[in-house]
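# sequence first, then the predicted structure:
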Amino acid sequence: MITIEKMKKDYIDDVFEIDKASVPIPWSKNSIEEEMNNMLSKFIVAKDGDKVIGFAMCWFIMDECHIGNIAVLPEYRNQGIATMMLNNLLEDCKEHGTNNLLLEVRVSNVPAQNLYKKLGFEELVVRKHYYKNPDGSYEDAIIMTK
Ligand SMILES: CC(C)(COP(=O)(O)OP(=O)(O)OC[C@H]1O[C@@H](n2cnc3c(N)ncnc32)[C@H](O)[C@@H]1OP(=O)(O)O)[C@@H](O)C(=O)NCCC(=O)NCCS
């Protein structure tokens, strides 16, 4: 059974491995721990039994919720896991009375853009050269809001 849990220290290595398998420049274990302890963050994991298979986090800043990161283990993708995690974060937005949701996504990342559009996000603007690639080049970000 797939469950959603609050992030904890025991899951740092799993989250690090999922992020490493998912994005060109993953978070360090220190960054993961900092975000886990950040008072402004909500950080959750998805589990299949005891196995951590995905994570998502957002920052609540004033009346804004900024989706900071989300990833699912490659072998668990396209099964609704990211949708489940985002819906969990969005539920918290309702509780916080947060109406403004914001995120950035690489222009090349069509799966993530589709995921966000399916959940009601719309493109706001393109931010040039927002992401740095491992080879030193840059990629634009689409800023999406809901
Ligand atoms: C983006 C990501 C988190 C989606 O996770 P997921 O669990 O596979 O997503 P879901 O199964 O909930 O899919 C929801 C919707 O997303 C879209 N989507 C997901 N994978 C897709 C793909 N490979 N191609 C096109 N659209 C896709 C679809 O609209 C899908 O809805 P549908 O199943 O009705 O077609 C996952 O691909 C991932 O971990 N990618 C690497 C990390 C990343 O890019 N994070 C986002 C940073 S901004």
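Sure thing, it's come through.
# other SSEs contacting the helix or strand bottoming out on mean pLDDT in the chain?
Lowest by mean pLDDT, DSSP states H and E among the helices and strands of the chain is helix 81-96, with a mean of 94. Packing partners of helix 81-96 (3 or more C-beta pairs under 8 Å, 6 or more residues apart in numbering; DSSP states H and E): strand 2-6, strand 41-48, strand 51-61, strand 64-72, helix 110-118. No exception for glycine: its C-beta is placed from N, CA and C like everyone else's.
# make TSV from the ones you listed and add distance to the ligand and mean neighbour count to it.
Shown next, in TSV, are those (distance: least, C-beta to the nearest ligand atom, whole Å; neighbours: other C-beta atoms under 10 Å):
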stretch	distance to the ligand	mean neighbour count
strand 2-6	10	13
strand 41-48	8	20
strand 51-61	7	20
strand 64-72	4	21
helix 110-118	3	15
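# in CSV: the ones you listed, plus mean pLDDT.
Below are those laid out as CSV (pLDDT from 0 to 100):
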stretch, mean pLDDT
strand 2-6, 98
strand 41-48, 98
strand 51-61, 97
strand 64-72, 97
helix 110-118, 98
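# before we move on, back to that, how far does the helix or strand following the least confident helix or strand of the chain sit from the chain's center?
With elements assigned by DSSP states H and E, the helix or strand that comes after helix 81-96 is strand 100-106. In terms of C-alpha atoms, centre = their mean, to the nearest Å, the centre of strand 100-106 is set 10 Å apart from its chain centre.
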